[in-house]
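Novice: Sharing a model prediction with you, sequence too.
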Amino acid sequence: FLLMSTEEYGLEITNNGPITTGAQATVHASLSMKNDSVTSNLYHFNWIYAPLILIEKSERRFNSVINVTGEFPGTFPVSVWVTHRNCWLCRPVARNVTVLQITEFITGNLTIAQIEDGRFITHGSSSSTGAVTRISFCLHDPSNYFKSASFVYNWDFGDGVYQITKEPFVYYNCSTMGNRTVHLKVIAEWEQIGSIIHERETVQKTGDFTTALELLDAVKSINVVGSRETHVMENLSLSLHINGTPPLALCWLIKSECIPLEGEKCHLVVINGSCYNLSHIFSDAGRYCLSVRVENGMTMLQTYHEIKVWPTGIHPAFFVLLCITLVSVTLGLVLYTTFRSNTQQKDLVEVADFDFSPLSDKNLPSHSESGCGQICCRSCFLRSSQEAARESHELLHSFYKPVKMYTV
């Protein structure tokens, strides 16, 4: 629409074109006063619409509407000027013009929507791979010219797939991302009485429409790689790994709590890859949350990453490690002392039970000497030596050398 105005008045004019030949278009003009001091009077709207055919005209105090039609395609200007009703020869208080387009074909447009949570969400010409996409044709028929027509829709999805429907929409699902051009041919047929022979005849109109379809991978995941703890005045570096088709609009914000990001109240960047590195320095200790939102014009995903900021000094983990070390050393010392004490006591028992000193031989009973004469003394000596050796092997070996050495 156009708006032409003077110092005191403004005149707005609009039309609901484009239309097909034979249909009717509506042109609306509205007069407004900019200055409240202007005296309100009755006004007259003067229209120029030739070579269009006037169907109807209505006029109110500050508005006027005309309905026109055209039998030939083209671009036609429609102008209007406003004068005071009681002064036809006076200078117009305002004037304006609009352009009406008339075509011999069906008029309308294609829209693309994706089904999300049971609703149709429009993302322009973009859709997500693997998701159900609805492509619809919207007929532009403001005067209900095609009310008795039957339609046939021929769809070409640009990947070798064709479909014919009687409904003005179709569902499409593709798992391969890329750019496609969808073509649609609309055929409308109806019967009407001829203007010359006055017999019923079949009338047909067609229309060709195209739209771009961009299939993108949805943003499936956001992985935040980096530490969850840092110190005051230290530089914390984090890496964001995104599973989605670029370009990606990334928005991040660090606050004391996790919040959903809406609008542009965050650090907004556009990346052409799948990874983004960010760094931040905290001036105060406490708990913080990194909120991240990523969208690619098709889908949006948000995630959070909690961060603990410690005051400057020794990290509490160092205290824990130190305590564990002290406990381990203490426990090891206790075990070592206990084991050493048990070993010393066992060595003393072995020496007390098996004393082979020469003094012990004097205390032997007399029958031992008589029981073994000179002939068998050698065998007794050998037998006693073997038993002593066997008993010595069965003893536990001491970790320490004995104080006295005994010989048999």
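Specialist: That came through, no problem.

Novice: burial measure for the nearest residue to Y172 once chain neighbours are set aside, as a count.
Specialist: Of all residues not flanking Y172 in the chain, T133 sits nearest, at 4.9 Å (Cβ to Cβ, 6 or more residues apart in numbering). Backbone N, C-alpha and C define where each C-beta goes, glycine included. Per other Cβ atoms under 10 Å, the neighbour tally for T133 reads 23.

Novice: next one: the one 4 residues further on
Specialist: Using other Cβ under 10 Å, F137 is surrounded by 22 other residues.

Novice: Same question for V224.
Specialist: Neighbour count for V224, taken as other Cβ under 10 Å: 18.

Novice: Y153 now?
Specialist: 18.

Novice: ok, what's across the strand from it?
Specialist: For Y153, the residues forming beta bridges with it (DSSP bridges) are T165, V186.

Novice: And A113, by the same measure?
Specialist: Applying DSSP bridges to A113 gives these bridge partners: T122, R134.

Novice: Likewise for H231?
Specialist: Where H231 sits in a bridge, its partners, by DSSP bridges, are W310.

Novice: before we move on, the earlier item: got the contact list for the residue nearest to Y172?
Specialist: T133 is in contact with 112-115, 127, 171-174, 213, counting by Cβ atoms under 8 Å, 6 or more residues apart in numbering.

Novice: Closest one of the residues you listed to K255?
Specialist: Checking the contacts of T133 against K255 by Cβ to Cβ gives Q114 as the nearest, at 31.6 Å.

Novice: Averaging pLDDT per element, find the lowest-scoring helix or strand in the chain.
Specialist: helix 366-370 (a mean of 42; mean pLDDT, DSSP states H and E).

Novice: Just say helix, strand or coil for the residue nearest to L213 when sequence neighbours are not counted.
Specialist: Nearest residue to L213 in three dimensions, chain neighbours excluded: R180, at 4.5 Å (Cβ to Cβ, 6+ apart). Secondary structure state of R180, per DSSP: H, G, I helix; E, B strand; the rest coil, is strand.

Novice: Enumerate the residue intervals of the stretch 201-350 of the chain where per-residue confidence is below the cut-off.
Specialist: Within the stretch 201-350 of the chain, the stretches with pLDDT under 70 are 263-264, 297-298, 313-319, 342-350.

Novice: That one: helices as residue ranges?
Specialist: Counting by DSSP state H, counting those that start in this stretch, one finds helices in the stretch 201-350 of the chain at the ranges 316-353.

Novice: what about R91, how many residues close to it?
Specialist: Burial of R91 is recorded as 9 neighbouring residues (other Cβ under 10 Å).

Novice: typed the wrong thing, it's K205
Specialist: Here the count is done by other Cβ under 10 Å, and K205 has 21 residues near it.

Novice: what sits opposite it in the beta ladder?
Specialist: A188.

Novice: please renumber so the chain begins at 32
Specialist: Understood, numbering begins at 32; the last thing we discussed is K236.

Novice: and the most centrally placed residue in the chain, bridged to which residues?
Specialist: Nearest residue to the geometric centre of the chain (Cα atoms, centre = their mean): L332, 2.3 Å. For L332, the beta-bridge partners are V325 (DSSP bridges).

Novice: check contacts around it.
Specialist: 250-253, 275, 324-326 are the contacts of L332 under Cβ under 8 Å, 6+ apart.

Novice: out of those, which are buried?
Specialist: When these are checked for burial by 16 or more other Cβ atoms under 10 Å, the buried set is 250, 253, 275, 324-326.
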